[in-house]
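Asker: curious how this folds, go ahead:
(one chain, ligands or ions: 1)
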Amino acid sequence: MTSAQATCLADALEAGYGILARGDPAQSAVKCTIGLLEQSGLFKLDRHRYTGVPHRLAYDQILTKQKCSTTKRHGTVGAVALDRFGTVAAGASTGGIESMLPGRVGDSPLIGCGVYADNQSGAVSMTGIGEGIIRLVIAKSICDRLGMGKSPAVAARQVLRMLEPRINGSAGALVLSPDGRFAIKHVTPHMAAGWWNGTGSPTVRGEFP
Ligand code: ASP
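Answerer: Down below sits the predicted model:
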C-alpha cells in the first residue's frame, strides 16, 4: 500500500467511525467509508464483495413484505387482562419487524402506541407495523373511544380502518373494556390470537373477522 492509500484509508475509516460514534446506523458509516475510498481513485473496489452491508429496502417494500400476516414476524406476544377488582392491564413483547435499522424503537414499548391500559377506559395491546401504529397513537385512540362508550369491536374497527387509507399501515389489536367486553380485530389477512374467560378451555384462532 502506498502512503497516499494509507492516509486515504485512515481518513475514510475515521469518517465512518465518526458516524458510528454519533449513534447513526452502521450502514451509513460503511457507505461513507466506501464512498470516500471510491472517490479517492486510489482503490479499485469490487462492490459485489460488500455482501455484509445490509440491503436497505424502501418503506413500501417492507410494508408489502410484512403486511401478509401479523404472525410471520419474530415472535410478537401481546396480552390484555382484567382482574376481579376491575383493574385492566396490557403488555407487549416483540422481536420487531424485518429490515429494521439499528436502534429502531417500535410501538411496543411506547405507552399509548403499542400498549395502553386505564381502568376508566380499557386495555389495548397492538401488533403490526410499528411506524404506522406510532403515528396514529393507536392504543390510546382505541381507549379514548372505549371511554366515550363505544364497544371494543367498534372502537378497534374505527381506529384500525384509518390505518390503511391514511398511512398504508397494517395492524391488529386486542381490546378489553373494564366491564369485561372483549374484541380482537385486525386489518391483516391473519392474526393468531386467543382468549380465556377463566373457565373451560381457551379459544385460539388465526383470523378474527
Ligand atoms: N409492532 C412491532 C414493531 O413494529 C412488531 C410486532 O411485534 O408486531 O416493532
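Asker: so where's this structure shaky on pLDDT?
Answerer: 46-75 (pLDDT under 70).
Asker: hmm, try it at 80
Answerer: In the predicted model, the chain carries pLDDT under 80 at residues 1, 23-27, 44-76, 98-100.
Asker: burial measure for Leu176, as a count.
Answerer: By the criterion of other C-beta atoms under 10 Å, Leu176 has 25 neighbours. C-betas here are computed from N, CA, C, even on glycine.
Asker: who's it bridged to?
Answerer: Per DSSP bridges, residues listed as beta-bridge partners of Leu176: Ala123, Phe182.
Asker: could you list the domains of this protein?
Answerer: Following the assignment in automatic domain parsing, the chain carries domains at 3-56, 76-205.
Asker: tell me which of the ones you listed sits most buried.
Answerer: domain 76-205 (a mean of 18; mean count of other C-beta atoms under 10 Å).
Asker: how about the residues of the protein by the ligand?
Answerer: By C-beta under 6 Å from any ligand atom, the part of the chain that sits against the ligand consists of 70, 73, 76, 94, 96-97, 106-108, 114, 127-130.
Asker: which phi and psi does the residue sitting nearest the centre point of the chain have?
Answerer: Closest residue to the average C-alpha location of the chain: Gly130 at 2.9 Å, with C-alpha atoms, centre = their mean. Backbone geometry at Gly130, expressed as degrees, to the nearest 10, gives phi -60, psi -30.
Asker: roughly how far apart are it and Lys150?
Answerer: Here the criterion is C-beta to C-beta, to the nearest Å. By it, Gly130 lies 24 Å from Lys150.
Asker: cool, and Ser40?
Answerer: Relative to Lys150, Ser40 is positioned 62 Å away (C-beta to C-beta).
Asker: in contact with Thr203, which residues?
Answerer: Gly194, Trp195, Trp196 (C-beta atoms under 8 Å, 6 or more residues apart in numbering).
Asker: picking that back up, the residue nearest to the centre of the chain reaches Cys113, doesn't it?
Answerer: Yes - Gly130 is in contact with Cys113 according to C-beta atoms under 8 Å; the separation is 7.4 Å.
Asker: which neighbours do those two share?
Answerer: Counting by C-beta under 8 Å, 6+ apart, the residues touching both Gly130 and Cys113 are Asp107.
Asker: which residues are contacting the helix ranked longest in the chain?
Answerer: Of all the segments of type helix in the chain, defined by DSSP state H, the longest one is helix 3-21. Taking contacts as C-beta under 8 Å, 6+ apart, the residues outside helix 3-21 that touch it are 1, 26, 28-30, 32-34, 36-37, 40, 42-43.
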